[in-house]
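Novice: Predicted structure and sequence below. I'll ask about it afterward.
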Amino acid sequence: MKKFKIQLHTQILIGLILGAVFGSVFHMSPDKIEIIAKSGSEKISGYSEVSFLKRDSTLAAFNSGEQMLIIKFLKSFTDKKVKDSIKVKVTLKNNEIKEYSGVTEIIKVKSLGAVIKPIGDIFVRLLNMIAVPLVFASLLVGAASLSDLRNVARIGGKTISIFMVTTVIAITIGLVSANLFQPGHFMPPETKTLLLQTFSDEASSKIEQNVSVNIIDFFVNLVPKNPFKAIADGDFLQVVFFSILTGIFLTQVPKDKSHSIINFFDGLSSAMILLVEKVMLIAPFAVFALISATVAEFGFSILQTLLMYVITVLAGILCLILFLYPALIKLLARQKVIPVYKALRQVMIVAFSTSSSAATLPLEIEVAEKKLGVSNKIASFVLPLGATVNMDGTALYQAVAAMFIAQVYGIELDITKQITIVITSVLASIGTAPVPGVGLIMLIIVLRSVGIPEEGIALILGVDRVLDMARTVPNIVSDSLTALTVARSEGELCEIKPD
Ligand code: ASP
């Protein structure tokens, strides 16, 4: 009898759906807190009030559900002596009163949905572990067949042009949807004040990172001072630069010298690709754990508050996936849309659940070579470059976020300012590192360029986790499609085999 087998991409999809259900069933409750005091810690569930007392006068009192504010209030005492003098009084729902002194910290109580996250973390770390050696080894081997720098310049030129065009279109789509939906005009002033208050600390810690982008520095930094440091730091652009040069010059030394090195790296790259395939076997469980933890930790009430903003970003991303990319596949890559999307299913789910282009990169390279039929030479060049500099989803999100914050603050953005947003969002997305959450930090550059208050990022912090997941999908898809298009134009494309 033939054994019934569920395909891996279906298993991953099931993992994603079940993870979301599991996370919402075992959701972290806003009225459960853990009080950590010098004498020990205690978990409290179902409080009706938490108040902070100093010499019997009440400093502040919070109601059930105001978990974030409670945690933040205690954190605001940085002086240890003052903190020690504060008493925390908890009134339980059954009117029982508990008092704690010497409280050092108050934290959220983790639910089962969040506790399983380490399974997902291991998966993400495994993928990150593979990324740098894979990029280095496979690009070095790929570059050894490029033979001269003119080829690199031509392929590079095509790649960068497609990256730029798709990013600018993505930002324009973002601006159009923000102008159409006007999400910022749906926010009442009291919600604005509450959000600014709740997320002010987190916002300031991001603003303090004082990010900037400078095109000249960008090019200077392409050249690693020490390639081994670039490898150790996982700096993809520098690794790409070094491996291309090494690969090309390996072809110019006598065969008896270069042969064994190219063979060595060829072996390493094949082993890494094989490892990706094996790591993907745990993907269904890992995706389950990652999604469950995100859903369990997520505050759904904030989703309601920022619904119009979230819808505007998602509508823009949907436009990319449903219109822009199919047009790219049809017109430039001259392929059928469905088989390409089918081949990219796993990549999209992994990008969504890890929110990291860097972690998705190894799988993306494997899929491009084995399923999309892109040659190793093109895939190992275009994809690491794309993961680092080409972020359509992030650029679109930054444009919508800037418009949204401006609308909430009542700042008019005329056409010149919107054009400035296009330019700075391109730069900010290029500067965004391919890891979770950096798109939000780089948004500060866009805000600054048009005079929107930077602390406005506090308004959108609460939903950034979900939008990060969503924007990472087009970030990755656009790289794969660029690789497909460049490969076709270079005659480096074989048949697409989606399954
Ligand atoms: N998470 C995104 C990525 O890795 C970057 C971002 O927008 O924060 O592609």
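Specialist: Looks like it came in fine.
Novice: drop to CA atoms for contacts and neighbour counts, all remaining ones
Specialist: OK.
Novice: Isn't residue 142 up against residue 380?
Specialist: Yes. Here residue 142 reaches residue 380: they are 7.0 Å apart, a contact under C-alpha atoms under 8 Å.
Novice: These two: which is more packed in?
Specialist: residue 380 (30 against 24; other C-alpha atoms under 10 Å).
Novice: Name the nearest residue to the more buried one, sequence neighbours excluded.
Specialist: residue 139 (5.0 Å; C-alpha to C-alpha, 6 or more residues apart in numbering).
Novice: With the ligand as the reference, measure out to the one you found.
Specialist: 21 Å (C-alpha to the nearest ligand atom, to the nearest Å).
Novice: same check, this time on residue 81
Specialist: From residue 81 across to the ligand, the span is 38 Å (C-alpha to the nearest ligand atom).
Novice: before we move on, what about residue 170?
Specialist: 13 Å.
Novice: picking up where we left off before, may I ask you to confirm that the residue nearest to residue 380 is in contact with residue 245?
Specialist: No. Contact criterion C-alpha under 8 Å: residue 139 and residue 245 do not qualify, at 10.0 Å.
Novice: who's more crowded, those two?
Specialist: residue 139 (32 against 17).
Novice: Which other helices and strands does the strand or helix carrying that one contact?
Specialist: Using DSSP states H and E, residue 139 maps to helix 117-143. Under the contact criterion of 3 or more C-alpha pairs under 8 Å, 6 or more residues apart in numbering; DSSP states H and E, helix 117-143 touches helix 236-250, helix 255-279, helix 283-297, helix 357-370, helix 376-389.
Novice: Quick check: closest non-adjacent residue to residue 178.
Specialist: In this structure, residue 178 finds its nearest non-sequential neighbour in residue 400, 5.6 Å apart by C-alpha to C-alpha, 6+ apart.
Novice: and if you look at residue 115?
Specialist: That would be residue 293: by C-alpha to C-alpha, 6+ apart, it lies 7.2 Å from residue 115.
Novice: contacting residues around the residue nearest to residue 380?
Specialist: Applying C-alpha atoms under 8 Å, 6 or more residues apart in numbering to residue 139 gives the contacts 240, 243, 244, 247, 376, 377, 380, 381.
Novice: wait, what's in contact with the third one?
Specialist: Just to be clear, that refers to residue 244. 139, 140, 143, 144.
Novice: What's the separation between residue 302 and the ligand?
Specialist: With distances taken as C-alpha to the nearest ligand atom, residue 302 is found 20 Å from the ligand.
Novice: Helix, strand or coil: sort out that residue for me.
Specialist: helix (DSSP: H, G, I helix; E, B strand; the rest coil).
Novice: doesn't residue 462 make contact with it?
Specialist: Yes. Residue 302 is in contact with residue 462 according to C-alpha under 8 Å; the separation is 6.5 Å.
Novice: Give me the more crowded residue out of these two.
Specialist: residue 462 (21 against 14).
Novice: hmm, back to that, quick one: which of the contacts of residue 139 has the most company?
Specialist: Result: residue 380 is most packed of the contacts of residue 139 (other C-alpha under 10 Å), 30 neighbours.
Novice: which sections of the stretch 51-200 of the chain are below the confidence cut-off?
Specialist: The stretch 51-200 of the chain contains residues with pLDDT under 70 at 147.
Novice: Could I get the full set of strands for it?
Specialist: In the stretch 51-200 of the chain, the strands defined using DSSP state E, counting those that start in this stretch lie at 57-63, 86-92, 97-101, 103-108.
Novice: Dump the second one to CSV, restricted to CA.
Specialist: Meaning strand 86-92. The C-alpha trace of strand 86-92 is given here as CSV (Å, rounded to 0.1, in the frame of the first residue of the first chain):
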residue,chain,number,x,y,z
ILE,A,86,8.7,51.5,47.6
LYS,A,87,6.0,49.1,48.6
VAL,A,88,3.9,47.3,46.0
LYS,A,89,0.3,46.7,47.1
VAL,A,90,-1.7,44.2,45.1
THR,A,91,-5.5,43.9,45.5
LEU,A,92,-6.7,40.6,44.2
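Novice: Tell me how far it lies from the chain's centre.
Specialist: 38 Å (C-alpha atoms, centre = their mean, to the nearest Å).
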